[in-house]
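Student: Sequence unavailable; structure follows:
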């Protein structure tokens, strides 16, 4: 807060949820719903999202401004790739949640890890529904192979002792965001950590393992359940399921998640190598000797292309080739 904002009728509050035209807030002696309009909102990143801190006029019950963020998770809006959709702000840890069934998808998980790397937040892959999987250890191995040193947790969301292992990430003042597809168990885990059943959950479809949207808005929950009480409590951001994830900016995250390929590109003979048929291409050399998997290289190419298109769109204001054609939901 600035010197002019201290005291008087202005006070800081946290955004608990954003609804159409309204923001749900909570602060010291202040809570409820206020209009979502901000006087300085010149673009999507100037709007409030779950996890934001606001300065609010407690008399007028109006937002004054969004306080500086530590970080901001965002994606390109699925309906219009030229728009940015805010997901959560001021996050300390990202739970990338996937279940041990048909939902598990390496390409999608890599996108979440790229998102975390782009904003500088520590990711933790959380494998759910381990009680329903014949061989959950297989999913554990695939998740750990995504990148060296990646933290992976296996959880049965309906077992309190199993969920309790996640409480160590949710210490006093910590904010943890949960991202993943519908039906992977994000709301169930939050219910377990909070020691309540406030969030309605639904089963997945047996035919394809896909879930139904139970969380319809990004919602911040205070973690005051029995597991977190000893730690002082934290904050959990529950988000609607996302099967389509395109990032407005991803260069830093891509370089971090695909650091092996990035390192190879720096060793190519030519600085403008396309990693195709050029002589002295280290990427192709590793591909041919089996050190680099073709599928991983293709996923890297796809992300790099999308990032280049996003950068071009941000500069020109026009949709590029990816945006011009009709998009369909994809697992990669």
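Tutor: Arrived safely. Computed from a prediction, not measured in an experiment: that's the story for all the values here.
Student: Show me where the stretch 151-300 of the chain dips below the pLDDT cut-off.
Tutor: 196-216, 224-232, 243 (pLDDT under 70).
Student: Surely residue 9 and residue 57 touch.
Tutor: Yes - counting by CB atoms under 8 Å, residue 9 does reach residue 57; the two are 5.4 Å apart. Bear in mind the C-beta positions are built from the backbone N, C-alpha and C, glycine included.
Student: who has more neighbours, these two?
Tutor: Using other CB atoms under 10 Å as the criterion, residue 9 and residue 57 rank with residue 57 on top: 15 against 11.
Student: so what's that one up against?
Tutor: Contact partners of residue 57, counting by CB atoms under 8 Å, 6 or more residues apart in numbering, are 9-10, 63-64.
Student: Same question for residue 64.
Tutor: Residue 64 neighbours (CB under 8 Å, 6+ apart): 5, 10, 39, 54-57.
Student: I'd like to know which of those residues are buried.
Tutor: 5, 10, 54-56 (16 or more other CB atoms under 10 Å).
Student: Just give the closest residue to residue 267, not the sequence neighbours.
Tutor: Closest residue to residue 267 apart from its sequence neighbours, by CB to CB, 6 or more residues apart in numbering: residue 282 at 4.3 Å.
Student: Residue 135 versus that neighbour, what's the distance?
Tutor: Distance, residue 282 to residue 135, by CB to CB, to the nearest Å: 36 Å.
Student: Also residue 182?
Tutor: Taking CB to CB, one finds residue 182 at 24 Å from residue 135.
Student: Those two: who's more crowded?
Tutor: residue 182 (19 against 10).
Student: Now do that one against residue 97, distance only.
Tutor: Residue 182 is 11 Å from residue 97, where distance means CB to CB.
Student: Could you pull out the helices in this structure for me?
Tutor: All helices of the chain, identified by DSSP state H, fall at 106-119, 136-144, 160-163, 186-194, 226-229, 251-257, 259-265, 282-288, 294-316, 321-324.
Student: Show me which positions of the longest one end up buried.
Tutor: Translated: helix 294-316. 296-297, 299-300, 302-304, 306-307, 309-310, 313.
Student: Please apply the same query to the third one.
Tutor: With burial defined by 16+ other CB under 10 Å, the residues of helix 160-163 counted as buried are 162-163.
Student: how far does it sit from the chain's center?
Tutor: Put simply, helix 160-163 sits 23 Å off its chain's centre (CA atoms, centre = their mean, to the nearest Å).
Student: Give me the residues contacting that helix.
Tutor: Residues outside helix 160-163 that contact it (CB under 8 Å, 6+ apart) are 130, 155-157, 189, 192-193, 227.
Student: Correct me if wrong: residue 58 contacts residue 28.
Tutor: No - using CB under 8 Å as the test, residue 58 is too far from residue 28 to be in contact (10.1 Å).
Student: Among the two, which residue is more densely surrounded?
Tutor: Shown here are residue 58 and residue 28; by other CB under 10 Å, residue 58 has more neighbours (14 against 8).
Student: picking up where we left off before, want to try JSON lines for the contacts of helix 160-163, with neighbour count and distance to residue 106 as columns?
Tutor: Listed next are these as JSON lines, based on neighbours: other CB atoms under 10 Å; distance: CB to CB, whole Å:
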{"residue": "130", "neighbour count": "19", "distance to residue 106": "18"}
{"residue": "155", "neighbour count": "24", "distance to residue 106": "19"}
{"residue": "156", "neighbour count": "20", "distance to residue 106": "23"}
{"residue": "157", "neighbour count": "26", "distance to residue 106": "22"}
{"residue": "189", "neighbour count": "26", "distance to residue 106": "22"}
{"residue": "192", "neighbour count": "25", "distance to residue 106": "27"}
{"residue": "193", "neighbour count": "26", "distance to residue 106": "27"}
{"residue": "227", "neighbour count": "21", "distance to residue 106": "31"}
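Student: between those, which is closest to residue 235?
Tutor: residue 193 (10.9 Å; CB to CB).
Student: What distance do you get for the closest one to residue 174?
Tutor: From residue 193 to residue 174 the distance is 12 Å (CB to CB).
Student: residues touching the nearest residue to residue 50 once chain neighbours are set aside, list them.
Tutor: Spatially, and ignoring its direct neighbours in sequence, residue 50 is nearest to residue 218 (4.0 Å; CB to CB, 6+ apart). Residues near residue 218 by CB under 8 Å, 6+ apart: 17-18, 49-50, 87-88, 237-240.
Student: Turn those residues into a markdown table, columns for neighbour count and distance to residue 122.
Tutor: Putting the contacts of residue 218 into a markdown table (neighbours: other CB under 10 Å; distance: CB to CB, whole Å) gives the following:
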| residue | neighbour count | distance to residue 122 |
| --- | --- | --- |
| 17 | 19 | 24 |
| 18 | 20 | 25 |
| 49 | 25 | 20 |
| 50 | 29 | 19 |
| 87 | 22 | 16 |
| 88 | 28 | 14 |
| 237 | 28 | 15 |
| 238 | 23 | 19 |
| 239 | 20 | 17 |
| 240 | 16 | 23 |
